[in-house]
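> Sequence and predicted model, in that order:
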Number of protein chains: 2
Amino acid sequence: MPSTYRMNPCAAAAVGSHACTQCDIRKDSMCSALNEEELQQVESLVTHINLPPGDILFDEGDHRGFAYNVSSGVMRLCKLLPDGRRQVTGFLYPGDHLGLSAHDSYSYGAEAVTDVHLCRFRVNELEGLFEELPNLALRLFSMANDELAAAQEQILLLGRKNPREKVISFLLSLSARNVDRDLPPSPLDLPMRRTDIADFLGLTVETVSRTFSRLKEDGIIELPSADRVILKDHELLEELADES
Amino acid sequence: MPSTYRMNPCAAAAVGSHACTQCDIRKDSMCSALNEEELQQVESLVTHINLPPGDILFDEGDHRGFAYNVSSGVMRLCKLLPDGRRQVTGFLYPGDHLGLSAHDSYSYGAEAVTDVHLCRFRVNELEGLFEELPNLALRLFSMANDELAAAQEQILLLGRKNPREKVISFLLSLSARNVDRDLPPSPLDLPMRRTDIADFLGLTVETVSRTFSRLKEDGIIELPSADRVILKDHELLEELADES
DNA sequence: CGAACGTTTGACGGGAATCAAGATAGGTGG
DNA sequence: CCACCTATCTTGATTCCCGTCAAACGTTCG
């Protein structure tokens, strides 16, 4: 099969990284709750999915057959109103989980922002492990509680912050994520489009763009390119996130 | 002790209802996951709390020493910005749980809207039961997932709905709660103040009040008193909740 | 009855959405 | 390699909705 010779090195590397024992985001994921033996059990249930940017993993309302761990890349979760208005309820990064809930259909759509690699489980198989691996269930419970706290923070942002505070809070949350992953707090990558940011913050694209420009004018951030931000004064930003 | 003769019937009834086996909201709470024997185990950890309207159960940032089940009454969860802006992140009804999270301090404040009765647990004691009573942990996990879905729905509301749609969605969620508790979908009780509703929906009191008045003018609702709403056309309201 | 609080209504202004156009970047094919 | 095309981002002008400020009304409780 000559075609295999044409497989590019990146794809080959991606295949290599599928071994759970060598997963470099294991500590950030639900799998951190598992020992080597338990990890094998989980691995036996998993299949792997790759998505190019813009691809839809599932739509709101689809039958909830699978749950996923984000292994690499960034995803967005979206909810839509009948007339087309969109709300991005969150961005998912490596280690994040999606698909577990109490209902039999997804309550949001999931789409790839970048190239994405996902570990896929059948919902019933994953849930079937809870009895045998209580630590897995407790880990997912803990992750759900973290998500809930983040959602409440987002509710505060959407309900009570002005556009400038919203954008700054968003940048700071990305910065905090960098630090969690042992990266410097700045510069930041913005893999998502301005529209995604707007739909995440409850604003329009124009307002997001204007707010970025204004922050740049004020010397609080630098924008070497549209998808890269340098925070000039982290402490000042922390203050401005709550009252500007 | 003559004073006991003066105990009013309601208070006596309340005391009587503290027995977990006779708890009438057990099916709505985390305790639905327990059999009679397990219920006793949980009951041995519980103490009971009563709060009058307006009382603070705990503030955002307080040490997370206790978790609670709402047994009767309504509570509100609040987050504050340094300059005093307030966001009500949710209202809690009988059966709802509060206080479990991954962090050692509360991420929101909790206050009584009405007279409230709560079952109180020490966090470490409750969490200590998870190993022995996996069904309890799974039940709380499921409840957390429901809360998460509700939070995402609220994020959609706050980010993308206009005041009219927000108020209608709020009324419909109360109506749905009525139905869950085997009550008719209308009339609705509004035990909370207009300010609470405003801070829940990301509006001002004036806008909430005006929106109610407008819905009344339009004949879509009736307001026999400020804390009581009759829904005149449920189907129409369902439509208007998403696009008005 | 009167004070305090909560709700409603009115007048007005500011800020974000809308509408419109220009600038920039990324990708394609000649 | 460059010209072109398209998608995205940015900037500008205008509109209008909701927040702000102010006052009246209603209700509860001492």
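Okay, I see it.
> contacts and neighbour counts: CA atoms only from here.
Will do.
> how about the residue nearest to A:I221 when sequence neighbours are not counted, phi and psi?
Across the structure, with CA to CA, 6 or more residues apart in numbering or on different chains as the measure, the residue nearest A:I221 apart from its sequence neighbours is A:L231 (4.7 Å). For A:L231, the backbone dihedrals are phi -90, psi 120 (criterion: degrees, to the nearest 10).
> where do the helices sit along chain A?
Taking DSSP state H, the helices of chain A run over residues A:9-16, A:36-43, A:123-132, A:134-160, A:163-180, A:194-201, A:205-217, A:234-240.
> What is the burial count for the closest residue to DNA strand C within chain A?
For chain A, the nearest residue to DNA strand C under the criterion CA to the nearest atom of the strand is A:L203, separated by 3.5 Å. Other residues within reach of A:L203 by the criterion other CA atoms under 10 Å in any protein chain shown amount to 21.
> How about the one 10 residues further on?
Residues near A:S213, counting by other CA under 10 Å, number 15.
> And A:D182, by the same measure?
A:D182 has 9 neighbours, counted by other CA under 10 Å.
> before we move on, what about the one 4 residues further on?
Under the neighbour criterion other CA under 10 Å, A:S186 is assigned a count of 19.
> so it makes contact with A:H234?
No. Between A:S186 and A:H234 there is no contact, the gap being 9.0 Å when judged by CA atoms under 8 Å.
> DNA strand D contacts on chain A?
Selection of chain A residues close to DNA strand D by CA under 7 Å from any atom of the strand yields A:192-195, A:205-210, A:212-213, A:226-227.
> Return the residues in contact with the residue nearest to A:I221.
With contacts defined as CA atoms under 8 Å, 6 or more residues apart in numbering or on different chains, the neighbours of A:L231 are A:S186, A:P187, A:I220, A:I221, A:E222.
> any idea which of the residues you listed has the most stuff around it?
Once you tally neighbours by other CA under 10 Å, A:I221 ends up highest among the contacts of A:L231, having 22 neighbours.
> What's opposite the residue most central in space within chain A in the beta bridge?
When CA atoms, centre = their mean is applied to chain A, the residue found nearest the centroid is A:L92 (0.9 Å). Judged by DSSP bridges, the bridge partners of A:L92 are A:M75.
> does it really touch A:S72, like I thought?
No. A:L92 sits out of contact with A:S72 when judged by CA under 8 Å, with a separation of 9.8 Å.
> any shared contact partners between the two?
Counting by CA under 8 Å, 6+ apart, nothing touches both A:L92 and A:S72.
> quick one, which of the helices of chain A is nearest to B:N178?
Within those, the stretch nearest B:N178 is helix A:134-160; the backing value is 24.2 Å (CA to CA).
> Output the below-cut-off pLDDT ranges for chain A.
With pLDDT under 70 as the threshold, chain A has low-confidence stretches at A:1-17.
> how about 80 then?
Judged by pLDDT under 80, chain A has its weakly predicted residues at A:1-17, A:244.
> Could you pick out the residues of it near DNA strand C for me?
For chain A, the residues in contact with DNA strand C under the definition CA under 7 Å from any atom of the strand are A:N162, A:P163, A:G202, A:L203, A:T204, A:E206, A:T207, A:S225.
> and which of the residues you listed is nearest B:P134?
When those are compared for distance to B:P134 (CA to CA), A:G202 wins out at 39.2 Å.
> how many other residues sit next to the closest one?
Residue neighbour count, defined by other CA under 10 Å, stands at 26 for A:G202.
> for it, what are its contacts?
Shown here is A:G202, whose contacts under the criterion CA under 8 Å, 6+ apart are A:Q87, A:L158, B:L158, B:G159, B:R160.
> who wins for most neighbours among these?
Each of the contacts of A:G202 was scored by neighbours using other CA under 10 Å; the highest score is A:Q87's, at 29 neighbours.
> Look up how far A:L201 lies from that one.
Here A:Q87 is placed at a distance of 8 Å from A:L201 (CA to CA, to the nearest Å).
> hey, what's in contact with both of these two?
Both A:Q87 and A:L201 are in contact with B:G159, where contact means CA under 8 Å, 6+ apart.
> Tell me how far the nearest residue to A:A110 once chain neighbours are set aside lies from B:D227.
If you skip the residues right next to it in sequence, A:A110 has A:L77 as its closest partner in space, 4.6 Å away by CA to CA, 6+ apart. A:L77 is 36 Å from B:D227, where distance means CA to CA.
> Which one of these two is surrounded by more residues?
Comparing A:L77 with B:D227 by neighbour count (other CA under 10 Å), the higher total belongs to A:L77, at 24 against 13.
> quick one, what contacts A:D115?
Taking CA under 8 Å, 6+ apart, we find A:D115 in contact with A:N50, A:L51, A:P52, A:P53, A:S72, A:G73, A:V74.
> ok, so of these, who is nearest chain B?
A:V74 (18.9 Å; CA to the nearest CA).
> From A:G109, how far out is the closest one?
Between A:V74 and A:G109 the distance is 14 Å, computed by CA to CA.
> Now go through the contacts of A:D115 and say which are in strands.
A:N50, A:L51, A:S72 (DSSP state E).
> Reformat these as TSV; add neighbour count and distance to A:D104.
As requested, those are exported to TSV (neighbours: other CA atoms under 10 Å in any protein chain shown; distance: CA to CA, whole Å):
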residue	neighbour count	distance to A:D104
A:N50	17	24
A:L51	18	24
A:S72	21	26
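> For A:N69, grab the count of nearby residues.
The number of residues packed near A:N69 is 23, by other CA under 10 Å.
> Dig out what it forms beta bridges with.
A:N69 has these beta-bridge partners by DSSP bridges: A:H97, A:C119.
> Might you report the residue contacts of it?
A:N69 makes contact with A:S29, A:P94, A:G95, A:D96, A:H97, A:L98, A:L118, A:C119, A:R120 under the criterion CA under 8 Å, 6+ apart.
> and which of these is nearest A:D59?
Of all the contacts of A:N69, the one sitting nearest A:D59 is A:L98; the distance, using CA to CA, is 12.8 Å.
> Excluding sequence neighbours, find me the nearest residue to that closest one.
When the adjacent residues along the chain are set aside, A:L98 lies closest to A:Y68, with 5.3 Å between them (CA to CA, 6+ apart).
> For that neighbour, the count of nearby residues, please.
Applying the criterion other CA under 10 Å, we find 23 residues in the vicinity of A:Y68.
> does it really touch A:P94, like I thought?
No. Using CA under 8 Å, A:Y68 makes no contact with A:P94, being 10.9 Å away.
> What residues sit buried inside stretch A:126-140?
Judged by neighbour count using 16 or more other CA atoms under 10 Å in any protein chain shown, the buried positions of stretch A:126-140 are A:L126, A:E127, A:F130, A:L133, A:P134, A:N135, A:L136, A:A137, A:L138, A:R139, A:L140.
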